[in-house]
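1. My questions are about this predicted structure, shown below with the sequence.
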Amino acid sequence: MIIDLLRHGETELGGGLRGSLDDALTAKGWEQMQAAVASAGPWQVVVSSPLQRCARFAQMLGEQRCLPVQLAPGLQELHFGEWEGRSAADLMVTHEQQLGQFWSDPYAYTPPGGEAVIDFASRVLAAIADLRREHADKHVLLVTHGGVMRLLLARARGLPREQLLQVEVGHGALYRLELLVDGTLREVH
């Protein structure tokens with residue numbers, strides 16, 4: 001199974017930890033995503049996070065290319081709890097030590113009221129396993145979030161868990177993974 005990972009573009013309420021906040025894309029965000037897929041594909045199915053910054057683009061692309069579109073709640077972004085909507089710069093002022101703990105090992109520190117990264121990883125990997133069962137041997141476009149992509153890319157690259165947040169994933173970034181029969185992920189260049 002081939003999975004192309006597409007991160008949503010820039011959102012209306014800007015950067016920071018958006019998590020489960022349901023921001024819309026800006027005009028630039030739409031352009032970023034359209035540019036990423038312009039010469040990509042062909043896909044057999046589009047699977048998307050249900051949050052509008054992913055789902056609206058996925059639905060538009062599905063209509064344009066006559067592809068089925070499926071929403072997968074398990075592929076939503078990490079819920080950042082009390083940190084949702086806040087920027088790293090803001091958190092450096094109010095939660096410097098905790099933010100440092102989170103950046104150095106996101107598995108070992110959970111933002112207040114947030115989703116533990118170990119639970120997030122289990123949720124995302126279960127959603128990927130479901131996709132493998134449902135769409136084996138297909139070429140899938142997965143429209144999702146930076147955290148989901150970092151997790152999958154880190155696994156495909158064999159990175160230690162402490163390096164999860166060091167994986168760079170820009171708005172509108174497109175990466176290709178191969179999901180092997182045994183569930184192993186491999187990045188395809």
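-> Received the coordinates, thanks.
2. For the closest residue to Y109 other than its chain neighbours, give me phi and psi.
-> Leaving aside its sequence neighbours, Y109 sits nearest to Q101 (Cβ to Cβ, 6 or more residues apart in numbering; 3.9 Å). (Each C-beta comes from the backbone N, C-alpha and C, glycine too.) Note on Q101: its backbone torsions stand at phi -60, psi -40 [degrees, to the nearest 10].
3. how close does Q101 sit to T110?
-> 10 Å (Cβ to Cβ, to the nearest Å).
4. So if I had to pick from these two, which one is more boxed in?
-> Just comparing Q101 and T110: by other Cβ atoms under 10 Å the higher neighbour count belongs to T110, 21 against 15.
5. check contacts around the nearest residue to D105 once chain neighbours are set aside.
-> The shortest distance from D105 to any non-neighbouring residue, by Cβ to Cβ, 6+ apart, is to E162 (4.7 Å). When contacts are counted by Cβ atoms under 8 Å, 6 or more residues apart in numbering, E162 touches S104, D105, Y107.
6. three-state assignment of E162?
-> Assigned state for E162: helix (three-state reduction, DSSP: H, G, I helix; E, B strand; the rest coil).
7. From A154, how far off is it?
-> With Cβ to Cβ as the criterion, E162 and A154 are 10 Å apart.
8. And the strands in this protein?
-> 2-7, 45-48, 69-71, 139-144, 174-179, 185-188 (DSSP state E).
9. G183 and A129 touch, don't they?
-> Yes - applying Cβ atoms under 8 Å, one finds G183 in contact with A129, separated by 6.7 Å.
10. got the angle between the longest helix belonging to the chain and strand 139-144?
-> Counting residues, the longest helix found in the chain (DSSP state H) is helix 117-134. Taking axes from the mean of the first three to the mean of the last three Cα atoms, to 10 degrees, one finds helix 117-134 and strand 139-144 inclined to each other by 150 degrees.
11. Provide a list of residue ranges in this structure with pLDDT below threshold.
-> Within the chain, no stretch has pLDDT under 70.
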